[in-house]
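Trainee: pasting the sequence and the predicted model now:
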Amino acid sequence: MFLLPFQMFRFLKDTPKTNVANSKSKKPSTFHEFARSTNDAWDIDDEEDKDFFPPALPSSIPAQSHSKPQTPRLSVSIDSTDTEPELQPVNRQEPLNTEACQDQLRIDTGPTNGRVVKSNSDAQLNSNTVRSTLQKQQSLPVRPVIPLVARISDQNASGAPPMTVREKTRLDKFRQLLASPNTDLEDLRKHSWSGIPREVRPITWRLLSGYLPANMERRELVLRRKREEYFGFIEQYYHSRTDEHHRDTYRQIHIDIPRTNPLIPLFQQPLVQEVFERILFIWAIRHPASGYVQGINDLVTPFFVVFLSEFVEEDVENFEMAALPLETQRNIEADSFWCMSKLLDGIQLMLLSRATYKVPYYVILQDNYTFAQPGIQTKVKALEELVSRIDVEVHLHFKKCEVEYLQFAFRWMNNLLMRELPLRCTIRLWDTYQAESEGFSHFHLYVCAAFLIKWRKEIVTMSDFQGLLMLLQNLPTIHWGNEEVGLLLAEAYRLKYMFADAPSHYKR
């Protein structure tokens with residue numbers, strides 16, 4: 001029997017799905033049992049090692065030997081809310097009616113400088129064209145519309161204009177601060193807390209991270225020296241990635257890189273992936289006490305995107321990295337390495353005893369990124385303790401459903417909420433983290449608490465273990481923008497003000 005396309009779609013939609021048993025699995029008693037049993041974004045696939053390691057390259061700077069790569073084509077899949085595309089009002093087709101929704105599928109002719117190209121044909125498709133399109137859509141190379149969750153550009157969910165009078169005034173203030181012979185870093189942090197304008201974010205991040213000095217005359221000299229130092233590391237150490245004592249580290253990095261922001265074509269370019277491999281490998285061998293662990297690869301992406309945005313005005317997610325001059329590519333790579341290093345070094349020692357725990361203790365960076373990551377587990381315990389004081393109903397609901405905080409909050413701490421928020425939201429969040437004292441360590445705890453309580457209505461109305469855990473691991477933030485992140489940070493600041501320096505409020 002021949003089915004029309006819309007009938008086939010309806011038939012597939014009405015097909016009942018296989019029921020999944022809601023029975024609870026055995027409660028994990030150790031961290032390793034949890035890691036094996038929890039379906040998470042950083043599980044390791046069993047991949048072939050055959051032909052894995054490339055031949056060792058000569059001791060020249062690797063970035064100079066790359067030819068322009070082709071951006072890989074991605075197939076469209078509609079399997080979760082995180083990949084749901086959303087039509088934008090600018091340069092998009094008008095909403096289609098139900099009968100025409102299937103015959104308006106358009107396939108572009110290819111990328112132009114990394115941009116999604118819209119079909120030039122506006123003629124009405126006849127039935128033969130519709131049938132031909134549906135038959136060929138699996139075989140033809142398709143550039144999908146980038147899902148909202150993967151769009152990097154700053155935006156608000158309300159669709160506010162990109163530049164208001166207030167924002168222009170703030171931009172002028174930032175430029176005035178940055179033009180000073182000696183930038184007042186405290187004043188810069190004060191203005192950065194509520195967000196940094198896109199135009200000045202790269203230089204502001206370099207300053208707030210401690211990568212650049214406040215003195216303007218010294219900045220160019222420091223940049224040149226640090227960039228040369230980084231590529232000196234490349235020449236000295238990168239060829240050793242095939243050595244026996246570095247093979248496992250490089251293999252894990254090589255596996256994790258393609259999983260970094262898989263919905264964004266920018267990060268699937270071979271040239272970009274090689275940049276990330278070099279950054280992570282050099283960092284790992286320079287920090288032997290901790291080495292590389294999964295999750296560190298995510299921490300490179302915000303810096304990389306922000307420094308790339310200096311040279312790309314829009315459509316960053318589709319930009320062809322090879323279109324930039326070689327020197328610019330090298331500068332972006334070196335700056336991303338040093339700022340990520342500053343970030344991780346800044347979390348080396350943090351005191352979390354200020355009313356968060358009954359006994360003061362320290363968390364060391366090595367504890368965050370060593371075997372079983374005890375430092376991260378300690379932070380998760382801190383979140384559990386804090387939520388039990390902030391919202392006892394949510395805390396008791398987790399206990400009733402036998403949901404452990406480790407099962408969802410481990411990733412929140414390990415990846416700084418990067419797997420829970422779109423990348424554009426992470427960049428806005430990091431504006432405040434770099435402006436806040438101990439933002440990536442101490443303040444992040446209160447952001448996680450505010451983020452959890454944000455979904456209290458959905459949490460308390462869900463009573464089964466499996467559904468609750470799936471909700472917590474796939475929270476619907478696809479439409480989030482600057483407004484939502486601003487509200488989250490405001491609530492986190494309120495919680496910090498109430499509990500961080502008020503031990504009597506924190507005790508039961």
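Mentor: Yes, it's here.
Trainee: distance of L495 from R389?
Mentor: 10 Å (C-beta to C-beta, to the nearest Å). (C-beta placed from N, C-alpha, C; glycine too.)
Trainee: show me where pLDDT drops low in the chain?
Mentor: Where the chain drops to pLDDT under 70, the residues are 1-163, 347-373, 501-508.
Trainee: strands of that one, start to end?
Mentor: 349-351, 362-364 (DSSP state E).
Trainee: can you give me the helices in the stretch 401-508 of the chain?
Mentor: With helices called from DSSP state H, counting those that start in this stretch, the stretch 401-508 of the chain shows them at 406-414, 423-435, 444-454, 456-460, 465-473, 482-495, 503-506.
Trainee: okay, the ones you listed in TSV with mean neighbour count next?
Mentor: Formatted as TSV, the helices of the stretch 401-508 of the chain follow (neighbours: other C-beta atoms under 10 Å):
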stretch	mean neighbour count
helix 406-414	24
helix 423-435	24
helix 444-454	22
helix 456-460	14
helix 465-473	17
helix 482-495	18
helix 503-506	12
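Trainee: quick one: closest of those helices to N215.
Mentor: For N215, the closest of those is helix 423-435, at 19.2 Å, according to C-beta to C-beta.
Trainee: so which elements touch that closest one?
Mentor: In this structure, helix 423-435 makes packing contacts with helix 185-192, helix 201-208, helix 296-308, helix 482-495, judged by 3 or more C-beta pairs under 8 Å, 6 or more residues apart in numbering; DSSP states H and E.
Trainee: mind checking which of the ones you listed is nearest S437?
Mentor: Of all the helices and strands packed on helix 423-435, helix 185-192 sits nearest to S437, with 8.4 Å by C-beta to C-beta.
Trainee: what angle do the closest one and helix 201-208 make?
Mentor: If you take axes from the mean of the first three to the mean of the last three C-alpha atoms, to 10 degrees, helix 185-192 sits at 140 degrees to helix 201-208.
Trainee: before we move on, the earlier item: redo the helices and strands packed on helix 423-435 as JSON lines? Include distance to Y405.
Mentor: Compiled in JSON lines, those are given as follows (distance: least, C-beta to C-beta, whole Å):
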{"stretch": "helix 185-192", "distance to Y405": "31"}
{"stretch": "helix 201-208", "distance to Y405": "31"}
{"stretch": "helix 296-308", "distance to Y405": "20"}
{"stretch": "helix 482-495", "distance to Y405": "16"}
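Trainee: closest to I253 out of those?
Mentor: The nearest among the helices and strands packed on helix 423-435, by C-beta to C-beta, is helix 296-308 at 7.1 Å.
Trainee: got the contact list for the closest one?
Mentor: 152, 201-202, 205, 253, 256-257, 259-261, 266-267, 272, 275-276, 279-280, 283, 316, 319, 321, 331-332, 335-336, 339-340, 343-344, 369, 415-416, 418-419, 423, 426-427, 430 (C-beta atoms under 8 Å, 6 or more residues apart in numbering).
Trainee: figure out which of the helices and strands packed on helix 423-435 is closest to F440.
Mentor: Ranking the helices and strands packed on helix 423-435 by distance to F440, with C-beta to C-beta as the measure, places helix 296-308 first at 9.4 Å.
Trainee: by how many degrees do the closest one and helix 406-414 diverge?
Mentor: 40 degrees.
Trainee: related to what we said a few turns ago, in CSV, list the helices of the stretch 401-508 of the chain along with distance to R224.
Mentor: CSV is the format used below for the helices of the stretch 401-508 of the chain (distance: least, C-beta to C-beta, whole Å):
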stretch, distance to R224
helix 406-414, 34
helix 423-435, 23
helix 444-454, 33
helix 456-460, 51
helix 465-473, 44
helix 482-495, 34
helix 503-506, 48
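Trainee: wait, which of those is closest to T183?
Mentor: helix 423-435 (13.6 Å).
Trainee: let me see the contact set for the closest residue to V275 other than its chain neighbours.
Mentor: Nearest non-adjacent residue to V275, counting by C-beta to C-beta, 6 or more residues apart in numbering: E333, 4.9 Å away. With contact set as C-beta under 8 Å, 6+ apart, E333 has these partners: A63, Y230, V275, R278, I279.
Trainee: could those go into JSON lines alongside distance to E385 and neighbour count?
Mentor: Compiled in JSON lines, the contacts of E333 are given as follows (distance: C-beta to C-beta, whole Å; neighbours: other C-beta atoms under 10 Å):
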{"residue": "A63", "distance to E385": "46", "neighbour count": "18"}
{"residue": "Y230", "distance to E385": "40", "neighbour count": "22"}
{"residue": "V275", "distance to E385": "40", "neighbour count": "24"}
{"residue": "R278", "distance to E385": "40", "neighbour count": "24"}
{"residue": "I279", "distance to E385": "35", "neighbour count": "26"}
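Trainee: restricted to helices, list those residues.
Mentor: Among the contacts of E333, the members found in helices (DSSP state H) are Y230, V275, R278, I279.
Trainee: going along the chain, name the helices of the stretch 151-300 of the chain.
Mentor: Using DSSP H, counting those that start in this stretch, the helices assigned to the stretch 151-300 of the chain run over residues 165-178, 185-192, 201-208, 216-237, 244-256, 270-286, 296-308.
Trainee: which of the ones you listed is buried the deepest?
Mentor: Stretch with highest mean neighbour count among the helices of the stretch 151-300 of the chain: helix 296-308 (a mean of 24; mean count of other C-beta atoms under 10 Å).
Trainee: tabulate the CA atom coordinates of that helix in PDB.
Mentor: This file holds the C-alpha atoms of helix 296-308, laid out as PDB (Å, rounded to 0.1, in the frame of the first residue of the first chain):
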ATOM      1  CA  ILE A 296      38.400  19.800  31.200                       C
ATOM      2  CA  ASN A 297      37.800  19.800  27.400                       C
ATOM      3  CA  ASP A 298      34.500  21.800  28.000                       C
ATOM      4  CA  LEU A 299      36.400  24.500  29.800                       C
ATOM      5  CA  VAL A 300      38.300  25.500  26.700                       C
ATOM      6  CA  THR A 301      35.200  26.300  24.600                       C
ATOM      7  CA  PRO A 302      34.100  29.600  26.100                       C
ATOM      8  CA  PHE A 303      37.500  31.100  25.900                       C
ATOM      9  CA  PHE A 304      37.900  29.900  22.300                       C
ATOM     10  CA  VAL A 305      34.600  31.300  21.200                       C
ATOM     11  CA  VAL A 306      35.100  34.600  22.900                       C
ATOM     12  CA  PHE A 307      38.600  35.200  21.400                       C
ATOM     13  CA  LEU A 308      37.300  34.000  18.000                       C
END
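Trainee: that one vs helix 270-286, what angle?
Mentor: Going by the same axes, to 10 degrees, helix 296-308 makes 120 degrees with helix 270-286.
Trainee: so what's L171 closest to, chain neighbours aside?
Mentor: Take L171 and drop its neighbours on the chain: the residue closest to it by C-beta to C-beta, 6+ apart is P197, 4.4 Å away.
Trainee: tally of neighbours for the one you found?
Mentor: P197 has 20 neighbours, counted by other C-beta atoms under 10 Å.
Trainee: also N318?
Mentor: Neighbour tally, N318, other C-beta under 10 Å: 21.
Trainee: what's the answer for D184, then?
Mentor: Per other C-beta under 10 Å, the neighbour tally for D184 reads 12.
Trainee: residue contacts, it?
Mentor: The contact partners of D184, by C-beta under 8 Å, 6+ apart, come to L177, A214.
Trainee: how much space between it and P202?
Mentor: 19 Å.
Trainee: ok, now V394?
Mentor: Taken as C-beta to C-beta, the span from V394 to P202 is 39 Å.
Trainee: roughly how far apart are the residue lying closest to M418 once chain neighbours are set aside and R424?
Mentor: Among residues not flanking M418 along the chain, D298 sits closest, at 4.6 Å (C-beta to C-beta, 6+ apart). Separation of D298 from R424 (C-beta to C-beta): 15 Å.
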